[in-house]
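Asker: predicted model and sequence follow; I will ask about them next.
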Amino acid sequence: MHLTRRNVLLGGTSGLVAVGLPSIDVRAQEEAIDLVELLTGHRAVPSDRLRLLMPSTFPNGYTVPLTLEVDTPMTERDHVRNVRIFAPKNPINEVVGFHFAPLRSAPRVSTRIRLAAPQNVVAVAEMNDGAFLMTQTFVQVATNGCV
Amino acid sequence: MVTAIPRVQVPASVTRNELFLVKTLISHRMETGLRKDAHGKTIPRQIINRFLCRFNGVDVFKVDLHEAVAANPFFEFSLRATESGTLDFVWEEDGGAIYTLSHQLTVN
């Protein structure tokens, strides 16, 4: 490959994409894990068994829809005990906690919450085997819903 | 203070062991305790802090509510039942007030 201005620029950019973006993601995830440890006292593992379905942008922070789903058969041997939702940029971080019952309730719930600012909303699930799983989703709100 | 009015939407009859949808709503201001009145005095917190759903006396779904649950707390969740019975819904408010509703469920 000739060392032309175009090639240098292309090489530089792809290098940034390959190295730069993942490290930002990893740092954001590390921060979220640390935050969850601070709030719950448990080191949670990011997992796609847990899904937090929220609009990526919402006009007001007073009634932001939230749906939570956990992949689990809800048997005695494999179920979710509870899920806690946190909004780290709200004046009071903990938003809501859900407790499920094996064989009786489905691992899914919808509600509406308040958000004070655009932020990552975090969900932490405690499974019956003692594992803590977490996920987060970014929600952009235009107005503060906590005043 | 306006009295909170609870409402639930549950099918009258359901199929044994199949999930059915439950929708609950209570009209409630959910005063966070973070706001101040016109004189700069903090308005005391007054929220529904717990919601319980029991089937034949057994807890099947519970919620701990904090300040950031939106006003007029709404929950939509799914349950399954193996026999007919009574679904009890309980909302607990700061200060100890309790609001309840019962629903007879027929399982086919």
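Answerer: Arrived safely.

Asker: what's the burial count for A:Glu31?
Answerer: A:Glu31 has 12 neighbours, counted by other C-beta atoms under 10 Å in any protein chain shown. No exception for glycine: its C-beta is placed from N, CA and C like everyone else's.

Asker: likewise for B:Phe51?
Answerer: Neighbours of B:Phe51 using other C-beta under 10 Å come to 24.

Asker: you'd agree it is up against B:Ile98?
Answerer: No: in this structure, B:Phe51 is not within contact of B:Ile98 by C-beta atoms under 8 Å, at 11.0 Å.

Asker: name the residues contacting each of these two.
Answerer: With contacts taken as C-beta atoms under 8 Å, 6 or more residues apart in numbering or on different chains, B:Phe51 and B:Ile98 have B:Val90, B:Trp91, B:Glu92 as neighbours in common.

Asker: now narrow those to whatever sits close to chain A.
Answerer: By C-beta under 8 Å from any C-beta of the partner chain, no member of the shared contacts of B:Phe51 and B:Ile98 lies near chain A.

Asker: of the residues you listed - the most surrounded one?
Answerer: Of all the shared contacts of B:Phe51 and B:Ile98, B:Trp91 has the most neighbours under the rule other C-beta under 10 Å, reaching 22 neighbours.

Asker: I'd like the distance between that one and chain A.
Answerer: 13 Å (C-beta to the nearest C-beta, to the nearest Å).

Asker: now that residue: closest residue in space, sequence neighbours ignored.
Answerer: B:Tyr99 (4.4 Å; C-beta to C-beta, 6 or more residues apart in numbering or on different chains).
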